[in-house]
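> prediction below, plus the sequence it came from.
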Amino acid sequence: MYNSTGSTVLAKSEYSGLIKEDVSITLSGPNSVYLRIIAKNSCSFTSDYCYDLQFIWEPANVCNPKTKYDLCSNAFTITPSENCNYIDGTTCGSSPSNPTTGLQMCSLSPSSANDVWFKFEAPATSAIINVKSGPDFDAIVNVFSNVLCGSVYNQLSCTNSNGISGIETVSLSGLTIGNTYWIRVYNNTGLTGTDFQICVVSQTTCTAPMNNECTGAFALIPSSSVNYQPFNTNCATQSIAAISPCNGIPNGNADDDVWFKFSATAGQTYVVRLQNESGFDGVLDLRTGGCNGVSVACDDQVGSSGVLNLITYQSTINQTLYARVYHYDSGSGSGNFKISVVSQSTSCTRPDAPILNAPSNFTSTSVYLSWNNVNAASYNVYYGTGSCPWTAGNFYSNTANTFATVTGLSAGLTYKFMIVAKNSETCLSDNSNCQSGITSTSCAITGIIPTLIAPGLASGPGTTLTTTTPTLSWNAVPGATHYGVNIRDLTTNMLVVDENCTTSGLNSTVPAGILSNNGQYRWNIKAVTNCGTTCVSGFASPLYFNISSGCTTPTIPLLTLSNVSSTSAYLSWNNVGAQSYDVYYSSGSCPWTTGTIYGNTTTNFLAISGLSTGTPYKFVVVAKNSSTCFSQNSNCQSATTSNVSYFISTSSSPKLVAQHQGWPICFRLNATISATSNPGYTFVNWTENGIQAAYTSTHTFNVQSSRNLLANFTTCSYTINSNSVSAIAQGGEYSFWVFTSNDCTWNAFTDNCNGMLNITNPTGSGNGFITFNVGANPNSTSRSCTISVGGKVFTVNQVGSIAPCSVPPATPNTLSGYVDGSNILHLTWFGNNSGVTNF
């Protein structure tokens, strides 16, 4: 790169194997620079060059997105979960809430701030709110109940315990199940940051983790680089007493210890890392000699978020080592941590996590991504529409470039993007930062106000109904595909139905258990072009109605479940004095608003039969005094019916008979065998005398002799981290990961390989990687074969050999580029890449 006069070299770089380079220079305004790109091959031939390109630098827009939950009335709904599932938040583009009557200003806060609002419905009597501050953001968190936006605010909590980039944790108790609670988030005085993350944790049940005891220790696979896996100690119980002192620190409490194990080889050194998450002060205890063994090392570091516990241990024998993890204080704290085991016998230069730039060039179906060069062999691109960051998103592609255009997106949706740098299948960076954006859309229904038909009047108390399951109807909105229903209980001033996409029709029946006898309600709708898009109409003018059926609504029953078999289950509940009880079941989510009714009974118990084997089911019961007078749904109980055996079917064709000198001759038959697994089982393969005969469940072969074929099934689940690899013509060593449930064993088989490759470790157990060596391809044509493991198929493709180079490569052309807001110059070019090793 030269200056505008061509007299000074501004930057120079050689980049191997790629067609893109990032050059960082300081630009003070519009600049004209000259660029020269030269292709070079392994024979030291060089091409001619192309040059002369002008770039105009302009400042980036630092605050482009505008929040949609700026107002209390538009608060974003968060669904509580048993673990902290962060979602992205921002105050970018928001405005201060007006300090009206009833809005208490937090004593720790400024009198006015750009704030945003969230809300959640309590599924239990307690909840934990975590708000993780971003750069130059010091979150202040207000929590309110019984809110009537604009006039009534009942403050429950005000928190500002940690500073910039810290995590604010709000623990709530005494909540009313089913009530809505509001969260207000804003930045402290004098800070300019806008970004944060938020989650709401509420555990309705508490089940100990699988590795609560040493006998259920989770099997870790030592790797060549740090490969953290997330776990938590929530609901765990003590196995043995805490180590005291541990690393000089006494009096820990192991009332939440969980267990891990890994196989150690004599002479190898292992590094066990414990990464503490916010609210977790971890203790790491390494043990030998099995579950009743002794502690050989213990590490306890003071603090939580970001603190690292580390033990380095050299094994003198082949053995299984156990690692125990617990929170130092009583209880589990947040319970969240990550753990990794590194074997120092292998090497991997683990790349740094890339920094993903803000997405640009959004269309209705695509977006352009770019990130910094961390000198990795390639990069994996992920996207999704869920929370961010995540541990597994939708894989889009792998690229050697530091940019990608993601296509095939849907219009008007918010997408999240992330990059992982990759040096090999097992040598990966941490996730990049997460970026988000909304695909464009043209909205034809903005500003249209739907009109309601029935039931109700324009003012309260409105029409009197005798049913708690009325059917709501409205007129069509041109251009809309779906409608969202909202119903407010005027007695509690709470939304009992708050949906963005209820139905594609022009009416909706309110499910049982939502509305109550003697209740007063107001309802309206809004129209959308597609579920999940931002193209919505205005709200309809509401209608009012009340319900008076002249009956006493029964108390909600308390349901219990027992004696679950492969096809049946036994339900019982407390007697609430109702005339009868409706029993519902479903294989979907739980609780639900509509299920399949099994029957009505006057007793407080019922045996359900006719269920499918190996299937998860959910059950609720409703107390009933009449067809229009019944309680809300009971608590939801769930169970999975047990599995039974599998079935194998066979067929054969053709059955041809010929005559030779009067004697019949039967030609050899083609036989087809097909194996079908029941729910809960997975087909693995067909084997004969321990050798794989086929990896597909349906197998056809020519009968030439008696066969003894065995269909193999497993209750284990298997996944692999990739489906294929492209091997170079010279061959080499390759690998891919296999992941199993419950420390299951696995066997890897080749198919149609004809000596193309050799598997180094064809058997194993738990999570691990399968390594194989591909031989050099002696032909100029490509070849391929497959490796199957646990019913999953991995394809190996190898290119043909290439003749040595003898001529210079072609001159590259079509040079283009741009300078982004961080003064990074991005270049692309095209050309015939045959024989090119670098540019």
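Noted; the coordinates are in hand. Residues are numbered from 1 along each chain as shown.
> please tell me how far stretch 710-720 is from the chain's geometric centre.
Counting by CA atoms, centre = their mean, to the nearest Å, stretch 710-720 is centred 24 Å from the centre of its parent chain.
> let me redo that: stretch 626-639
With CA atoms, centre = their mean, you get 32 Å for stretch 626-639.
> residue 581 contacts residue 604, doesn't it?
Yes - counting by CB atoms under 8 Å, residue 581 does reach residue 604; the two are 7.0 Å apart. For the C-beta atoms, the positions are set from N, CA and C on the backbone; glycine is no exception.
> intersection of neighbour lists for the two?
Common neighbours of residue 581 and residue 604, counting by CB atoms under 8 Å, 6 or more residues apart in numbering, are 557, 573.
> which one's more surrounded, these two?
Taking other CB atoms under 10 Å, residue 581 and residue 604 do not tie; residue 581 has more neighbours (27 against 17).
> could I get the contacting residues of the more buried one?
557, 573, 600-604, 606, 621-624.
> now, of those, which are buried?
Buried by 16 or more other CB atoms under 10 Å: 557, 573, 604, 606, 621-624, out of the contacts of residue 581.
> can you list the domain ranges for the protein.
As recorded under automatic domain parsing, the domains making up the chain are 72-201, 240-343, 367-438, 452-547, 559-640, 647-708, 730-798.
> as CSV, these with distance to residue 230 and mean pLDDT would be great.
Output for the domains of the chain, formatted as CSV (distance: least, CB to CB, whole Å; pLDDT from 0 to 100):
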stretch, distance to residue 230, mean pLDDT
domain 72-201, 9, 82
domain 240-343, 5, 87
domain 367-438, 7, 83
domain 452-547, 28, 88
domain 559-640, 24, 85
domain 647-708, 25, 69
domain 730-798, 14, 89
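> of those domains, which approaches residue 233 most closely?
domain 240-343 (4.1 Å; CB to CB).
> just the element for residue 153, please.
Take DSSP states H and E as the rule and residue 153 turns out to sit in strand 152-159.
> buried stuff in that strand?
Neighbour-count burial for strand 152-159 flags 153, 155-159 (criterion: 16+ other CB under 10 Å).
> can you name the next helix or strand after that strand?
strand 167-172.
> show me what contacts residue 200?
Remark: with contacts taken as CB under 8 Å, 6+ apart, residue 200 is in contact with 78-81, 120, 127-129, 183.
> how far is stretch 217-224 from where the chain is centred?
Its chain's average C-alpha position is 22 Å from that of stretch 217-224, according to CA atoms, centre = their mean.
> before we move on, back to that, okay, the buried ones among the contacts of residue 581 in JSON lines with distance to residue 202 and secondary structure next?
JSON lines is the format used below for the buried ones among the contacts of residue 581 (distance: CB to CB, whole Å; DSSP: H, G, I helix; E, B strand; the rest coil):
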{"residue": "557", "distance to residue 202": "23", "secondary structure": "coil"}
{"residue": "573", "distance to residue 202": "24", "secondary structure": "strand"}
{"residue": "604", "distance to residue 202": "29", "secondary structure": "coil"}
{"residue": "606", "distance to residue 202": "30", "secondary structure": "strand"}
{"residue": "621", "distance to residue 202": "24", "secondary structure": "strand"}
{"residue": "622", "distance to residue 202": "24", "secondary structure": "strand"}
{"residue": "623", "distance to residue 202": "26", "secondary structure": "strand"}
{"residue": "624", "distance to residue 202": "30", "secondary structure": "strand"}
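> pick the one among those closest to residue 326.
Distances from residue 326 to those, taken as CB to CB, are shortest for residue 573 (38.5 Å).
> and residue 460, how far from residue 495?
Distance, residue 460 to residue 495, by CB to CB, to the nearest Å: 16 Å.
> likewise for residue 376?
Distance, residue 376 to residue 495, by CB to CB: 48 Å.
> residue 697 against residue 674, yeah?
Yes - contact criterion CB under 8 Å: residue 697 and residue 674 qualify, at 6.3 Å.
> the more surrounded of these two?
residue 697 (18 against 15).
> separation between that one and residue 117?
Distance check for residue 697 against residue 117: by CB to CB, it reads 53 Å.
> also residue 452?
27 Å.
> who's more crowded, these two?
Set side by side, residue 452 and residue 117 show more neighbours around residue 117, with 24 against 18, by other CB under 10 Å.
> quick check, residue 147 in a strand?
Yes - the assignment for residue 147 is a strand, going by DSSP: H, G, I helix; E, B strand; the rest coil.
> residues contacting it?
Residue 147 is in contact with 72, 153-154, 180, 182, counting by CB under 8 Å, 6+ apart.
> one more pass at 7 Å, please.
Taking CB atoms under 7 Å, 6 or more residues apart in numbering as the criterion, residue 147 is in contact with 72, 153, 182.
> of the buried residues of strand 152-159, which is the nearest to residue 219?
When the buried residues of strand 152-159 are ranked by distance to residue 219 (CB to CB), residue 159 comes first, at 39.5 Å.
> check the gap between the nearest residue to residue 544 once chain neighbours are set aside and residue 511 for me.
Nearest non-adjacent residue to residue 544, counting by CB to CB, 6 or more residues apart in numbering: residue 462, 3.0 Å away. Between residue 462 and residue 511 the distance is 21 Å, computed by CB to CB.
> look at these two and report which has more neighbours.
The neighbour comparison of residue 462 against residue 511 (other CB under 10 Å) goes to residue 462, with 20 against 15.
> I figured the more buried one was touching residue 548, is that so?
No - at 11.8 Å, residue 462 does not count as touching residue 548 under the criterion of CB atoms under 7 Å.
> off-centre distance for stretch 571-590?
Centroid separation for stretch 571-590 versus its chain: 33 Å, with CA atoms, centre = their mean.
> dump that stretch to PDB, keeping only the CA atoms.
Only the C-alpha atoms of stretch 571-590 are listed here, as PDB (Å, rounded to 0.1, in the frame of the first residue of the first chain):
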ATOM      1  CA  LEU A 571     -53.100 -40.100  38.900                       C
ATOM      2  CA  SER A 572     -54.500 -38.900  42.200                       C
ATOM      3  CA  TRP A 573     -55.300 -35.500  43.700                       C
ATOM      4  CA  ASN A 574     -56.800 -34.000  46.800                       C
ATOM      5  CA  ASN A 575     -60.600 -33.800  47.100                       C
ATOM      6  CA  VAL A 576     -61.600 -30.100  46.700                       C
ATOM      7  CA  GLY A 577     -65.400 -30.800  47.000                       C
ATOM      8  CA  ALA A 578     -66.100 -30.500  43.200                       C
ATOM      9  CA  GLN A 579     -68.900 -32.400  41.500                       C
ATOM     10  CA  SER A 580     -66.400 -34.100  39.100                       C
ATOM     11  CA  TYR A 581     -62.900 -33.800  37.600                       C
ATOM     12  CA  ASP A 582     -61.600 -33.600  34.000                       C
ATOM     13  CA  VAL A 583     -58.300 -35.300  33.400                       C
ATOM     14  CA  TYR A 584     -56.100 -34.000  30.600                       C
ATOM     15  CA  TYR A 585     -52.800 -35.400  29.100                       C
ATOM     16  CA  SER A 586     -50.400 -34.200  26.400                       C
ATOM     17  CA  SER A 587     -47.000 -35.100  25.000                       C
ATOM     18  CA  GLY A 588     -46.200 -31.400  24.500                       C
ATOM     19  CA  SER A 589     -45.000 -28.600  26.800                       C
ATOM     20  CA  CYS A 590     -46.200 -28.200  30.300                       C
END
